[in-house]
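Peer 1: need coordinates for the below:
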Amino acid sequence: MKKQHNLFILLAISVFIISCKVNPFTGKSTLNMYQSSEQLFPMAFQEYDKFLSENTVIKNTKESQMVTKVGQKIANAADTWLKANGYPDYLKDYKWEYNLVDDENVNAWCMPGGKIVFYTGILPITQTETGVAVVMGHEVAHALADHGAQRMSAGTVQQAVAIAGNVALSEKDAERQTFNSLYGIGTTLGVMLPFSRSHETEADKIGLKIMAIAGYNPDEAAKLWVRMKSAHGSTTPEFLSTHPSNDTRILNLTKWAPEAKAEAKKFGVTRFIDN
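Peer 2: Okay, the predicted model is just below:
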C-alpha cells in the first residue's frame, strides 16, 4: 500500500510540473492542465449559447451597442499588446462575443475563449462608457490569463491530494476522517479562496493596462469601485471571500493607474476617455 501511495504522489507531482504554462502578462508560470482551445473553448462556447437561449438578451439599444463597442476596443488593445510582446498567435482561437442580458444582478462574467456577458444590473454602477471599460477589461483579462483553466486545474490537484490522503490512511478510519475534515477546511481557506482572490487581483491589474491601451482613463477604475462599495458594500471578511475587498481593490487600482498610463504611452496613447 505504501508503494502504491508513493507512486500516486510521484505521478501527481509529475503532472503538476508538466502542466505549467507561462502567463504572458505576468511572466509567471501557472498551473494549467487543460488545452484551452481543444478542451475548454468548445465546451464554453456551447454553454454560452445555451445561457443566451435561456435568458433575455438585449439587442439594438444604446447600452447593448456600447457593451459591444467597448468589448471590441478592449480585445483589440489586448491583441495589440500581445503582438508587440511576442505573442502574435495568442488569440487565434478566441471567439470574442459580448452580450447584454436583462438581469438585476450586479455582475458581468467571461467564459474561456472570450464569451462575455454584462447584466443590466451593473450598468448603474458603470454609469459611463469608461466605467464599462473598467469591467470589460477585468473580464477580458480573465479570459486572456486562462483563469478558468487554472481554477479547474487547482480543483483537480485538490481532489488528487485528497485521494492520496485517503489511500494512505485507508486502514486508519479515525485518522482518515480527521484528515478529510481538516483538509477540506484548510485547502478552502488556505489555498482555494486565496487562489481565487489572486486571480481577481491579477485580472484587475491586467484589465487596467488593457483599458488604458484602448484609450480609457485607468483613473476611473478606482472610482467605479468606490461606487460599488457605496451601493453594495460587502460584510464578508476578505479571507472568506473569492474576491478582494472593495477597499483593497480601490487601493490597488489607484496605485496601478500610473503604471497603466505608462504602458499605454508605449503605444502612443497619451489622452484618455473619461466618460
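Peer 1: what ranges does this protein have for its strands?
Peer 2: Applying DSSP state E to the chain gives strands spanning 20-22, 29-31, 57-58, 97-101, 108-111, 115-119.
Peer 1: any idea how many residues pack against the residue nearest to residue 41 when sequence neighbours are not counted?
Peer 2: Nearest residue to residue 41, sequence neighbours excluded (C-beta to C-beta, 6 or more residues apart in numbering): residue 113, at 3.9 Å. Every residue, glycine included, has its C-beta placed from N, CA and C. Residue crowding around residue 113 was assessed by other C-beta atoms under 10 Å; the count is 22.
Peer 1: again, but for residue 200
Peer 2: For residue 200, using other C-beta under 10 Å, the count is 19.
Peer 1: that one against residue 243, yeah?
Peer 2: Yes. Here residue 200 reaches residue 243: they are 5.0 Å apart, a contact under C-beta atoms under 8 Å.
Peer 1: run a quick neighbour tally on residue 137.
Peer 2: By other C-beta under 10 Å, neighbour count at residue 137 equals 32.
Peer 1: sorry, that was for residue 253
Peer 2: 24.
Peer 1: and it, how far from residue 75?
Peer 2: Plainly put, residue 253 is 21 Å away from residue 75 if you go by C-beta to C-beta, to the nearest Å.
Peer 1: how much space between residue 120 and residue 200?
Peer 2: 22 Å.
Peer 1: right, I mislabeled it, should have said residue 92
Peer 2: 27 Å.
Peer 1: could you do residue 71 as well?
Peer 2: Taking C-beta to C-beta, one finds residue 71 at 19 Å from residue 200.
Peer 1: tell me the pLDDT of the residue nearest to residue 263 when sequence neighbours are not counted.
Peer 2: Of all residues not flanking residue 263 in the chain, residue 209 sits nearest, at 5.0 Å (C-beta to C-beta, 6+ apart). Listed pLDDT for residue 209 reads 97.
Peer 1: and residue 209, how many neighbours?
Peer 2: Neighbour tally, residue 209, other C-beta under 10 Å: 23.
Peer 1: how about residue 68, what does it touch?
Peer 2: residue 98 (C-beta atoms under 8 Å, 6 or more residues apart in numbering).
Peer 1: ugh, wrong one, residue 250
Peer 2: 222, 225-226, 229.
Peer 1: quick one: it from residue 221, how far?
Peer 2: For residue 250, the distance to residue 221 - C-beta to C-beta - is 9 Å.
Peer 1: where do the helices of the chain begin and end?
Peer 2: 2-18, 41-53, 62-84, 123-126, 129-144, 147-168, 173-187, 193-213, 219-232, 246-265 (DSSP state H).
Peer 1: in the third one, what's buried?
Peer 2: In this case it means helix 62-84. By neighbour count with 16 or more other C-beta atoms under 10 Å, helix 62-84 contains the buried residues 64, 66-68, 70-71, 73-75, 77-79, 81-82.
Peer 1: what of stretch 96-113?
Peer 2: By 16+ other C-beta under 10 Å, the buried positions in stretch 96-113 come out as 96-101, 103, 106, 108, 110-113.
Peer 1: which of these lies closest to residue 273?
Peer 2: residue 98 (17.7 Å; C-beta to C-beta).
Peer 1: show me the beta-bridge partners of that closest one.
Peer 2: Beta-bridge partners recorded for residue 98 (DSSP bridges): residue 116.
Peer 1: and it, what is it in contact with?
Peer 2: Residue 98 sits in contact with 67-68, 70-72, 116, 118, 136, where contact means C-beta under 8 Å, 6+ apart.
Peer 1: residue 26 versus that one, what's the distance?
Peer 2: For residue 98, the distance to residue 26 - C-beta to C-beta - is 25 Å.
Peer 1: lowest-pLDDT helix or strand in this protein?
Peer 2: helix 2-18 (a mean of 46; mean pLDDT, DSSP states H and E).
Peer 1: the contacts of residue 98: which two are farthest apart?
Peer 2: 72 and 118 (13.6 Å).
Peer 1: can I get the contacts of residue 98 in a markdown table including pLDDT?
Peer 2: Shown next, in a markdown table, are the contacts of residue 98 (pLDDT from 0 to 100):
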| residue | pLDDT |
| --- | --- |
| 67 | 98 |
| 68 | 97 |
| 70 | 98 |
| 71 | 97 |
| 72 | 97 |
| 116 | 96 |
| 118 | 97 |
| 136 | 97 |
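Peer 1: thank you, goodbye.
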